[in-house]
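Chemist: Below is the sequence, then the predicted model.
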Amino acid sequence: MAVESMGAAARWRYALKPASWPKVFVPAVFGQAVGALVAGRLSGPALLWGVLWTAADIAFIVWLNDWGDREVDALKRRMFPRGCSPKTIPDGLLSARAVLGAGLGAGGLALGLAAVGGAGLGRPALLPLAALSLGIFVAYTLPPLRLNYRGGGELLEMVGVGGVLPALHVYAQCGEGAPAFFLRWLPGLLALSLASALASGLSDEESDRAGGKRTFTTAWGNTRARRVTEGLVGLGALLWLVAGGVLAVPVVLFFGGRMMRRSAGAVTNAFAEQGAYKQELHRAIWWGTAALAASLVLTGGRTPW
């Protein structure tokens, strides 16, 4: 759809980037499942709270990320006038002021939900954990730290998406943030989350470099970033196999294999091929995590070893 023909609702819906939601919802669902297994029951109110909080968290992330990256997004638009999807602020879908206000509002809503949920569910650490999760994103993309520009942003994303986010949902269900049963799966989650974070920089390599953004891709180059990404997918599958998640491993390896077949074409500025490569990567992570959660629920948390 052409930007000029989009109404206000369509512009806001586009700015929410629905295709990226599984990146946050999948680890949240995994945390809910693990927390319910640890507690021995599923808490409906905790699950409802988790859905509402995650929706607010996603809006906070995508809107403020667009606001924080508006200058480098504009640079990419100038470098590749027809080479990338519409950019929320540079292409005039929404004003920078509106996006900033909406993002801050979503963050306030997330904190409010955490305060209410903490009191209602009897989880006093819910608000501090939610604040930590939002704070990691602030450190990632907003001044003064802005680690996504200074270097280390991918590691921060790994900790936030693969660690703190599912731990928050584990705690909402069972009242423990880091039970042993969750820690068992955590290394694999972190490896796969880092793979996703590294791959996200592939399509912005040259514009990030021109804009002074320090990512693993701008530092290492496209080829090495892809190799490390692929190694991390294999490492994630291996760590889950060692932990006993045998039913999830074939899913990760199946889509990981499809990602490998796309790898040779996902070179610098090959945006369509990079998109296909990242799609298979995301399938490996999202479907693999969903398969792990489902298998644990169906077996009552029992594993072969």
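Modeler: Cool, the structure landed.

Chemist: Now for the residue lying closest to Leu121 once chain neighbours are set aside: which residues touch it?
Modeler: Spatial nearest neighbour of Leu121, excluding adjacent residues (CB to CB, 6 or more residues apart in numbering): Ala46 at 5.7 Å. To be clear about C-beta, it is placed using only N, CA and C from the backbone, and glycine gets the same treatment. Counting by CB atoms under 8 Å, 6 or more residues apart in numbering, Ala46 touches Gln32, Gly35, Gly117, Leu121, Ala172, Gln173.

Chemist: what's the pLDDT at Val3?
Modeler: Note on Val3: pLDDT of 71.

Chemist: begin at 823 from here
Modeler: Shifting the count to begin at 823 puts that one at Val825.

Chemist: Count the neighbours of it for me.
Modeler: Neighbourhood size, Val825 [other CB atoms under 10 Å]: 14.

Chemist: What of the one 10 residues further on?
Modeler: Close neighbours of Arg835, defined as other CB under 10 Å, add up to 12.

Chemist: does it belong to a helix or a strand, and which?
Modeler: helix 830-837 (DSSP states H and E).

Chemist: Show me how far that helix is from its chain's centre.
Modeler: Mean C-alpha position of helix 830-837 versus that of the full chain (CA atoms, centre = their mean, to the nearest Å) differs by 21 Å.

Chemist: Buried residues, that helix. List them.
Modeler: Arg833, Trp834, Tyr836, Ala837 (16 or more other CB atoms under 10 Å).

Chemist: Name the nearest of those relative to Pro1009.
Modeler: Ala837 (34.3 Å; CB to CB).

Chemist: what sits against the closest residue to that closest one other than its chain neighbours?
Modeler: Spatial nearest neighbour of Ala837, chain neighbours left out: Thr910 (4.6 Å); criterion: CB to CB, 6+ apart. By CB under 8 Å, 6+ apart, Thr910 lies in contact with Tyr836, Ala837, Asp888, Asp895, Leu916, Val921.

Chemist: So the second one versus Val884, what's the distance?
Modeler: In other words, Ala837. 7 Å (CB to CB, to the nearest Å).

Chemist: Low-confidence stretches in the stretch 823-972 of the chain?
Modeler: Within the stretch 823-972 of the chain, the segments meeting pLDDT under 70 span 823-824.

Chemist: what sits up against stretch 1028-1041?
Modeler: Residues contacting stretch 1028-1041 (CB under 8 Å, 6+ apart): 893-894, 897-898, 901-902, 970-973, 975-976, 1020, 1023-1024, 1026-1027, 1047, 1050, 1090-1091.

Chemist: how about 6 Å then?
Modeler: Residues from elsewhere that reach stretch 1028-1041 (CB atoms under 6 Å, 6 or more residues apart in numbering): Val894, Leu897, Lys898, Met901, Tyr971, Gly973, Glu976, Leu1020, Gly1023, Leu1024, Glu1027, Ala1047.

Chemist: Buried residues of the top helix by length along the chain, list them for me.
Modeler: Counting by DSSP state H, the longest helix found in the chain is helix 1093-1120. For helix 1093-1120, burial by neighbour count (16+ other CB under 10 Å) applies to 1093, 1095-1096, 1098-1100, 1102-1115, 1117-1118.

Chemist: just checking, next helix/strand downstream of the helix or strand where the residue nearest to Leu943 lies?
Modeler: In this assignment (DSSP H and E), Ala868 forms part of helix 866-890. For helix 866-890, the following helix or strand on the C-terminal side (DSSP H and E) is helix 892-901.

Chemist: packing partners for that next one?
Modeler: Applying 3 or more CB pairs under 6 Å, 6 or more residues apart in numbering; DSSP states H and E, one finds that helix 892-901 makes contact with helix 1027-1032.

Chemist: buried sites along the helix it packs on?
Modeler: Within helix 1027-1032, judged by 16+ other CB under 10 Å, the buried ones are Glu1027, Glu1028, Ser1029, Asp1030, Arg1031.

Chemist: Off-centre distance for it?
Modeler: So, by CA atoms, centre = their mean, the centroid of helix 1027-1032 is 21 Å from its chain's centroid.

Chemist: Kindly report the same for stretch 829-848.
Modeler: 13 Å.

Chemist: ends of that stretch, how far apart?
Modeler: Stretch 829-848 has its terminal residues 30 Å apart, counting by CA to CA, to the nearest Å.

Chemist: still on that earlier bit, how near is the residue nearest to Leu943 to Leu874?
Modeler: From Ala868 to Leu874 the distance is 11 Å (CB to CB).
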